[in-house]
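# Dropping a prediction and its sequence here:
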Amino acid sequence: MKDKLAKNINRYRKARGLTQEGLAQLLGVTYQAVSKWENEQAFPDITLLPEISKALEVSIDKLLGYVSYDKQVTIYEKEYTTPDYYWGIKPNSDCYKVLEFMPPTSHLKLLDIGCGEGKDAVFFARNGYDVTAFDISDAGIEKTKKLADLVGVNVKVFKADILDFRLSTQYDILFSSGVLHYINPNYRKEIIDNYKKYTNNGGMHFFNVFVQKPFIAPPPEKEPNAFIWRSGELLSHYHDWLIESSPEVIFDCHSSGIPHQHAMSKIITKKV
């Protein structure tokens with residue numbers, strides 16, 4: 001717990017634009033105390049946690065590294081509780097790009113970031129990848145496990161918030177579709193850098209993000225925790241990797257029952 005608390009105080013302090021001294025002044029402690037917290041040399045007094053939570057504008061649960069299980073955290077949680085699969089079970093077309101660029105001719109570890117109901121994660125497992133996946137939706141995780149059991153494959157799936165979760169083990173492939181817009185702009189560089197660090201040499205990322213275009217109306221879904229990316233923004237994080245593909249596409253969508261369009265930037269990139 002100490003390491004998570006230390007990292008989270010450091011992370012959220014920087015996100016608020018506070019120095020160690022600035023946070024110390026808000027809390028009425030010395031900056032040396034804040035430094036010791038962030039370097040895992042000491043715990044803050046338990047009575048200070050509410051004040052730290054208030055200063056950093058984050059819940060105590062998040063400070064301690066816990067994801068809340070008692071409230072709806074995504075607009076799709078309700079849809080995921082139905083017997084049918086909201087997104088269907090047909091894999092995203094981008095999954096076939098993974099097969100094209102990194103076929104599982106050897107043992108390859110793949111992470112599906114924001115797996116939803118698991119259709120893509122299960123597809124990868126069926127094709128021979130060693131698959132780990134996470135999502136913030138309890139219902140989505142259960143649907144992923146159910147689909148994997150139905151197909152007869154193993155997917156290691158767990159619950160995590162994309163804003164809080166950081167990799168600590170190496171992977172060969174990172175895949176994410178329609179999820180990275182949940183990353184607040186203040187955290188994008190740190191999170192992408194973490195993903196890059198824990199990707200093996202020769203490994204690849206297959207990502208896409210929704211981008212804002214003035215000629216496309218906002219989507220009908222009202223997502224309070226979504227942040228649209230700018231064209232070229234995702235690509236800018238990979239200036240030091242080999243860019244295999246980076247198209248921008250516009251496509252029709254009926255996910256809400258209301259026909260609309262999305263603009264999306266995609267990237268296929270390799271660590272060399």
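Nice, I can see it.
# can you count the residues close to residue 39?
For residue 39, the neighbour count with other CB atoms under 10 Å is 10. Any C-beta I mention is one placed from the backbone N, CA and C, and that applies to glycine too.
# Please apply the same query to residue 195.
Around residue 195 there are 19 residues (other CB under 10 Å).
# so who does it touch?
Residues near residue 195 by CB atoms under 8 Å, 6 or more residues apart in numbering: 167, 174, 205.
# which one of these is nearest residue 94?
Closest to residue 94 out of those is residue 205 (11.5 Å), distances taken as CB to CB.
# right, and the secondary structure at the closest one would be what?
strand (DSSP: H, G, I helix; E, B strand; the rest coil).
# roughly how far apart are the residue nearest to it when sequence neighbours are not counted and residue 204?
Take residue 205 and drop its neighbours on the chain: the residue closest to it by CB to CB, 6 or more residues apart in numbering is residue 174, 4.7 Å away. Counting by CB to CB, to the nearest Å, the gap from residue 174 to residue 204 is 8 Å.
# Which one's more surrounded, these two?
Under the criterion of other CB under 10 Å, the comparison of residue 174 against residue 204 puts residue 204 first, with 25 against 22.
# Return the residues in contact with that one.
Neighbours of residue 204 in contact, by CB under 8 Å, 6+ apart: 98, 101, 102, 172, 173, 174, 244, 268, 269, 270, 271.
# Adding pLDDT and distance to residue 51, write the contacts of residue 195 out as CSV.
CSV is the format used below for those (pLDDT from 0 to 100; distance: CB to CB, whole Å):
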residue, pLDDT, distance to residue 51
167, 94, 31
174, 98, 37
205, 98, 39
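# Out of those, the closest to residue 84 would be?
residue 174 (28.6 Å).
# what are the bridge partners for the closest one, then?
When assigned by DSSP bridges, residue 174 has beta-bridge partners residue 111, residue 205.
# From residue 206, how far out is it?
7 Å.
# can you check residue 164 too?
In terms of CB to CB, residue 164 sits 23 Å off from residue 206.
# Which one of those two is surrounded by more residues?
Between residue 164 and residue 206, counting by other CB under 10 Å, residue 206 is the more crowded of the two (24 against 21).
# What spatial separation is found between that one and residue 251?
In terms of CB to CB, residue 206 sits 17 Å off from residue 251.
# repeat for residue 117
Residue 117 is 20 Å from residue 251, by CB to CB.
# number of nearby residues for residue 131?
28.
# where's the helix or strand encompassing it relative to the chain centroid, distance-wise?
Here residue 131, judged by DSSP states H and E, is contained in strand 130-135. Centre-to-centre, strand 130-135 and its host chain are 12 Å apart (CA atoms, centre = their mean, to the nearest Å).
# for the record, mean pLDDT for whatever helix or strand comes next after it?
Next along the chain after strand 130-135, taking DSSP H and E as the criterion, comes helix 138-151. Averaged over helix 138-151, pLDDT sits at 93.
# where along the stretch 101-250 of the chain do the helices fall?
119-126, 138-151, 188-197, 233-236 (DSSP state H, counting those that start in this stretch).
# Quick one, which of the ones you listed gets closest to residue 226.
Closest among these, once you apply CB to CB, is helix 188-197, at 13.4 Å.
# List the buried residues of that closest one.
Buried positions in helix 188-197, judged by neighbour count with 16 or more other CB atoms under 10 Å: 188, 191, 192, 195, 196.
# SS state for residue 251?
Assignment for residue 251 (three-state DSSP): strand.
# I'd assumed residue 266 was in contact with it.
No - checked against CB atoms under 8 Å, the pair residue 251 and residue 266 is beyond contact range at 11.0 Å.
# Show me which of those two is the more surrounded one.
Comparing residue 251 with residue 266 by other CB under 10 Å, the one with more neighbours is residue 266, at 18 against 8.
# and that one, that one's in a helix?
No - assignment of residue 266 by three-state DSSP gives strand, placing it outside any helix.
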